[in-house]
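K.L.:
Just a sequence and a predicted model for now, questions to come.
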Amino acid sequence: MWGFLEDGVLDRVVVVSPHFDDAALSTAYLLLSHPGSTVVTVMAGRPDAYPDPMSEWDAAGGFTAGDDVVAIRRDEDRAAMAVLGATPVWLEFADHQYLAPGVRPETGKVTEALIEAIRGAGATAVFLPMGLANPDHGLTHEAGLLARLSLSSEGGGPTWFCYQDGGYTHLPGLLAWRVSQLFRRGLWPTPAIVPMVTDVVAKRLAIECYVSQVAQLRQEHLLDERLDANTPEQYWRLDPPPAGWEGLTSSDDLSAG
């Protein structure tokens, strides 16, 4: 029975997405299979001012000076969520491309906003990104783990998972590194058996709603190759170690394996 999910776990799914398109790229099959889910996008807020000149990524997406990029991207997200049968929730934190080097939203504030959104959705299951490569993904991952810690301390609450970040999961060693990081934090990330219908046509339709992003995703993230290969969506359940296995978190036991 390892990996099997108990009845009711997926009744009310919440996917936490760093950017507008990450949920569609990484969890479309999950969302299509569980209509009525909620997608909480963390970096969905307007910056105090857009860069002048435009950021390289936004310029490649066809944006020009004076465009309200976030408003346009929210419209794209609304269309994609309609395809996936999900409800979008947008947090008011700005994408790192709009911030000064080294400046990031405070992790604690992101955590507080996530807790409020997860409670508001009545989540029975929460899916966080593994947080690979991109600083916004890393921040979302960390804030999500802190939200898990807070909500779990209250007793009961949702079941927690991580999903593999589409576009980054194939970077050499990064997924293995994140799994090891979770392991050393006292969690036991285990691939879960999550029922899904792999409707690649609907997934493509949802991704194509992000009109301003598709060209860059094709060039920078091998979007077409990933979709043509129908690369799997993998979900890792986050639980404490099974009884008696805690000792494997020590470096001595790991090296002896």
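P.N.:
In hand now; what should we look at? No experiment lies behind these values; they were computed from the predicted model shown.
K.L.:
Report the spatially closest residue to Ala71, excluding sequence-adjacent ones.
P.N.:
Arg46 (7.9 Å; C-beta to C-beta, 6 or more residues apart in numbering). Every residue, glycine included, has its C-beta placed from N, CA and C.
K.L.:
Just the element for the one you found, please.
P.N.:
Using DSSP states H and E, Arg46 maps to neither a helix nor a strand.
K.L.:
neighbours around it, how many?
P.N.:
For Arg46, the neighbour count with other C-beta atoms under 10 Å is 15.
K.L.:
Return the backbone torsion pair for it.
P.N.:
In terms of degrees, to the nearest 10, the main-chain angles of Arg46 are phi -80, psi 140.
K.L.:
what do you get for Tyr163?
P.N.:
Dihedral angles (degrees, to the nearest 10) for Tyr163: phi -110, psi 160.
K.L.:
got the contact list for it?
P.N.:
Val15, Ser26, Thr27, Leu30, Phe127, Leu128, Pro129, Met130, Glu233, Gln234, Tyr235, Trp236 (C-beta atoms under 8 Å, 6 or more residues apart in numbering).
K.L.:
Who is it paired with across the strands?
P.N.:
Pro129, Tyr235 (DSSP bridges).
K.L.:
so how far is Phe20 from it?
P.N.:
Using C-beta to C-beta, to the nearest Å, Tyr163 is found at 16 Å from Phe20.
K.L.:
what residues does the helix ranked longest in the chain touch?
P.N.:
Identified as the longest helix of the chain according to DSSP state H is helix 135-153. With contact meaning C-beta under 8 Å, 6+ apart, helix 135-153 is reached by 16-19, 22, 42-43, 95-96, 104-105, 107-108, 110-111, 114-115, 118-119, 126, 128-132, 157-158, 160, 162, 165, 168, 178, 185, 238.
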